[in-house]
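Student: task: produce atomic coordinates for the following.
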Amino acid sequence: MATLIDRGADYTKGKRWMVRYREAGGRSGRQREKSFKLKKEALDFKASVEHTVRDGSYIDPDKGAVTVSAYWAEFTGRRQVKQTTAYRNGKSFDRHIRPAIGHKALRHVSAADLEKIANTMQAGGLSTATFWAVANPLRGMFRQAVRDKALAESPFLSAVLPKQPPKAVDETELPEFADVDKIARGMKPQNAVGIWLMAGCGLRIGEAMGVRETDFRIVAGTRVLRVRRQVQKVRNAEGKLTAALVPLKHRQEGEWRDVPVPGLVWDHVQWHIKRFGTADDGRLFRTQLGALVHPDWYREDWYKAVPRVGGKPRWTPHDLRHFYASTCLLNGLPLLSVSRWLGHGSITETADTYGHLTPDAVDTAVSVLDVALAA
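Tutor: I've put the predicted structure just below:
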């Protein structure tokens, strides 16, 4: 796999011994070479490179020499993420990462560099949550660099960084049903149905803004809502942010999920359609000109209604989604089903956020085991 070449004692450049080898991939692997003054150094390198190529741990020195900024551009170009996510990550990188380590080679980024970025952001008054919003895409980039054989390991593995904020939802801080009802009554009448779609079906605010009348259907005798799209900000050809219908979070174009529709929610949907009608494409929400209603515009009504009806100022529309999940789980509905209805990327996300709300299984476990062990 590697060849030691003696270029003779009279070799004028001083490094007599050369090791020529191929990277992983057999004959298709790129041929490389490295020179040494001492034969022992050359033999040691030869043995090392043969071992790493054989066991798959070989690191490409050229890839590790690429700057963080250059690799970030390549990394983000390969990823398929929503336009708004790409824009947000790019702005964060330009503001916090590029000035600190953008000029450094990948292999020269240390744990200390990451710790310094964290300390600088916190000293500037930014929260731990904000740091991780910036750091998580960067961590993904370094993971990809390891997979690309540019690095042996990510500097995040040894960095001492602020702990990520807990994901678990405090159910005691959420609105109760009476609060939800008051908020719905405090909204503009044409917006009230959105409160029930979020609290009764677990929809994200953008998903609620994209619901159409034809998305409701009967499956096996149960009314369900087929959630197909969401409203988000995107940049148009002129570079301006505008509202658009886009695929669901964690989903590709054309993917959907079915959510059971409680009778109360269906009553509000029917009342809304009877009172306000729908857009030309059947959407429940539309502006006076029939355009999409962006979540930011809907939030304006929310933040006026909440204090007006005595709600807690810190409540957000997303708390209605938390209300939905916690209500389902506290009443014994399966975690996997709730995860699917919420449209989470994985059941791990659901468990990390709401797992503490599942009914305690200790008593059931004792009963089951008693029966099994007595058999």
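
Student: can you pull out the strands in the chain?
Tutor: Remark: strands assigned in the chain by DSSP state E are 2-6, 17-22, 31-36, 216-219, 222-227, 230-235, 241-246, 257-260.

Student: quick one: list the elements packing against the third one.
Tutor: Spelled out, it's strand 31-36. Counting contacts by 3 or more CB pairs under 8 Å, 6 or more residues apart in numbering; DSSP states H and E, strand 31-36 packs against strand 17-22, helix 39-55. C-beta coordinates here come from the backbone N, C-alpha and C atoms, glycine included.

Student: domain map for the protein?
Tutor: Domains of the chain are assigned by automatic domain parsing as 2-58, 68-157, 171-357.

Student: OK, contacts around the residue lying closest to Val261 once chain neighbours are set aside?
Tutor: Distances taken as CB to CB, 6 or more residues apart in numbering place Arg223 nearest to Val261, at 4.5 Å, with adjacent residues excluded. Contacts of Arg223 were listed using CB atoms under 8 Å, 6 or more residues apart in numbering, and they are Phe216, Arg217, Pro260, Val261, Trp266.

Student: with respect to Arg299, which of the strands of the chain lies nearest?
Tutor: strand 230-235 (12.2 Å; CB to CB).

Student: each with direction, which strands does that closest one pair with?
Tutor: Applying DSSP bridges, strand 230-235 is found paired with strand 241-246 (antiparallel).

Student: mean confidence score for the partner strand?
Tutor: Averaged over strand 241-246, pLDDT sits at 86.

Student: what sits up against that strand?
Tutor: Contact with strand 241-246 is made by 82-83, 210, 229-236, 291-294, as judged by CB under 8 Å, 6+ apart.

Student: so which of the residues you listed is the closest to Arg308?
Tutor: Val293 (20.3 Å).

Student: ok, the closest one - contacts?
Tutor: Each residue near Val293 by CB under 8 Å, 6+ apart is listed here: Met209, Val231, Ala243, Phe285, Arg286, Thr287.

Student: so Leu248 versus Gly343, what's the distance?
Tutor: According to CB to CB, to the nearest Å, Leu248 stands 6 Å off from Gly343.

Student: overlap of the contact sets of the two?
Tutor: Residues touching both Leu248 and Gly343 (CB under 8 Å, 6+ apart): Glu207, Val227, Arg257.

Student: buried subset of those?
Tutor: Buried members of the shared contacts of Leu248 and Gly343, counted by 16 or more other CB atoms under 10 Å: Glu207, Val227, Arg257.

Student: quick one, helices of the stretch 251-375 of the chain?
Tutor: Using DSSP state H, counting those that start in this stretch, the helices of the stretch 251-375 of the chain run over 263-276, 295-308, 318-330, 335-342, 347-354, 362-374.

Student: residues near the residue nearest to Leu264 when sequence neighbours are not counted, how many?
Tutor: Spatial nearest neighbour of Leu264, chain neighbours left out: Gly200 (6.3 Å); criterion: CB to CB, 6+ apart. Residues within reach of Gly200, counting by other CB atoms under 10 Å, total 24.

Student: what do you get for Leu357?
Tutor: 19.

Student: OK, contacts around the residue nearest to it when sequence neighbours are not counted?
Tutor: Closest residue in space to Leu357, ignoring its immediate chain neighbours: Leu329 at 4.2 Å, by CB to CB, 6+ apart. The contact partners of Leu329, taken as CB under 8 Å, 6+ apart, are Leu335, Val338, Tyr354, Leu357, Thr358, Pro359.

Student: whichever of those end up buried, select them in PyMOL.
Tutor: Typed into PyMOL, the line below selects the buried ones among these, using 16+ other CB under 10 Å:
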select buried, resi 335+338+354+357+358
